[in-house]
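Novice: After the sequence you'll find the predicted model.
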2 protein chains.
Amino acid sequence: MDDKNISQAVVSRLPRYYRYLGDLKDSGIERISSQDLSKLMKVTASQIRQDFNNFGGFGQQGYGYNVEYLHSEIAKILGLNEIHNLIIVGAGNLGQALANYMNFERRGFIVKGIFDKNPDLYGKELRGIAVQPVENIENFVKENDIDIAVLTIPKDGAVKTAEILVKCNIKAIWNFAHVDLNVPESIVVENVHLSDSLMKLSYGIVNQ
Amino acid sequence: MDDKNISQAVVSRLPRYYRYLGDLKDSGIERISSQDLSKLMKVTASQIRQDFNNFGGFGQQGYGYNVEYLHSEIAKILGLNEIHNLIIVGAGNLGQALANYMNFERRGFIVKGIFDKNPDLYGKELRGIAVQPVENIENFVKENDIDIAVLTIPKDGAVKTAEILVKCNIKAIWNFAHVDLNVPESIVVENVHLSDSLMKLSYGIVNQ
DNA sequence: AAAGATTTGACAATCATTTAACAATGTTGT
DNA sequence: ACAACATTGTTAAATGATTGTCAAATCTTT
């Protein structure tokens, strides 16, 4: 894409803008100023304008931003206009929950394969997709144009699986294991450390 | 607790320190210097020392940090030495997955109740706990010393449930719904917006 | 068509976080 | 017990992020 050095702070805010703009669009609102959006989202208007300007000017002086246009531009920035094929590695509780988490497919994230090391699960169908042995991952990824691997397995397995995924040129890993994966920089890793999140919550309780 | 103005950036790093120190402890390592830890964790030694010093000095010049002591001190800071009772609101895929996510209980987060609005689920047991109607939440929270509510329901329900939880003086909400909850500042809210996380991943793919 | 109101984009100023540097302090080996 | 070494805690400098300000552009009203 176009951008040079967009900070992680800015990128982290984009999905939230996207969500609010989607809601505004759904309620039939055509335009919004940074000031009105700032009241709604409880951030400064300055930050909103600054953020959007990282990607070029989407607004118009005296008018504000066109909700639908801005929404679709952010979608493009986030790559939501493209289809991404993914596999889920780990058909346990969390893997199953994510497989059934339908919204992903509506947004272009297509579950193509599900893998587990437990033979009892082989053949079991989740959303019409049969669970396969983890040994199949390498070939499957190579042959099915898979961009993303979702890791919902314990940490030892996650580290080993990540090594295999690197070999088959996966583009990104969505990592739910409680471990930091050590992969080349060219591979995108997004961690969802649920226990870290719960600890932060706990910190908040203890420290008012 | 003791602290004045610990920044959110510092707090976010504590669980990761806790995880690494736990691993070191498990492998029988007694002491570690900020420099060695910095190599392991791929952050600067300076940041490590700075972070720990927010909570008082846990190290010793010429020696480094005692792994077990530091681990337990961070546990205290994070409130992991206390028991927290919680309820899960929403017994769908994600709620069930979290209920079965046993590690929480090992760390003092005890699932006391599970609620859903779907009558088909009433009485169904997850980890020995029967699903109850959401109408019971208010009384249950008041009578069972519940600190934390885990919201794994769609956004409309989450907003309404949050209002009820505020009324019964819940301390914290772990929010998995794709919506920002509007609650008094005194209530801790930790959001896990999975779709936001996936969008960030998508951004990473598209923008190398 | 002109005047006044609105609102962006850009830049400057402020605030926060991270990194570097080093004196002070304790450790280790002899 | 001493000297050489290691490593923290702390302060200062550098970097990064957020907020405030205002000229320029556009819209809206009369």
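Specialist: Here it is on my side, so go on. Just so it is clear, the model here is predicted, and its values are computed rather than measured.

Novice: Specify the residue positioned farthest from the middle of chain A.
Specialist: residue A:62 (34.6 Å; CA atoms, centre = their mean).

Novice: got a list of what it touches?
Specialist: Residue A:62 makes contact with no residue under the criterion CB atoms under 8 Å, 6 or more residues apart in numbering or on different chains. The way it works is simple: take the backbone N, C-alpha and C, and place the C-beta from them, glycine included.

Novice: can you confirm it is in a strand?
Specialist: No - Residue A:62 is assigned coil when assessed by DSSP: H, G, I helix; E, B strand; the rest coil, not a strand.

Novice: how close does it sit to residue A:46?
Specialist: Distance of residue A:62 to residue A:46, given as CB to CB, to the nearest Å: 18 Å.

Novice: before we move on, what about residue A:150?
Specialist: 37 Å.

Novice: Strands along chain A, start to end?
Specialist: A:31-32, A:59-60, A:64-66, A:84-89, A:109-116, A:125-126, A:129-133, A:148-151, A:172-175, A:188-191 (DSSP state E).

Novice: Tell me the residue of chain A that sits nearest DNA strand D?
Specialist: Residue of chain A nearest DNA strand D, by CB to the nearest atom of the strand: residue A:62 (2.3 Å).

Novice: coming back round to it: okay, residue A:150 and residue A:46: which has more neighbours?
Specialist: residue A:150 (27 against 11; other CB atoms under 10 Å in any protein chain shown).

Novice: For that one, give me the pLDDT.
Specialist: Note on residue A:150: pLDDT of 98.

Novice: just residue A:98 next, same as before
Specialist: 95.

Novice: quick one: it and residue A:127 touch, right?
Specialist: No - the criterion here is CB atoms under 8 Å, and residue A:98 misses it with residue A:127 at 10.5 Å.

Novice: Comparing those two, which residue is more hemmed in?
Specialist: Taking other CB under 10 Å, residue A:98 and residue A:127 do not tie; residue A:98 has more neighbours (26 against 12).

Novice: got a list of what that one touches?
Specialist: Residue A:98 touches A:88, A:104, A:150, A:152, B:93, B:194, counting by CB under 8 Å, 6+ apart.

Novice: how about a cut-off of 10 Å?
Specialist: Neighbouring residues of residue A:98 by CB atoms under 10 Å, 6 or more residues apart in numbering or on different chains: A:86, A:88, A:90-91, A:104, A:111, A:114, A:126, A:150, A:152, A:174, A:176, A:192, B:93-94, B:97, B:194, B:198.

Novice: Just the mean pLDDT for stretch A:163-174, thanks.
Specialist: Taken as a whole, stretch A:163-174 has an average pLDDT of 97.
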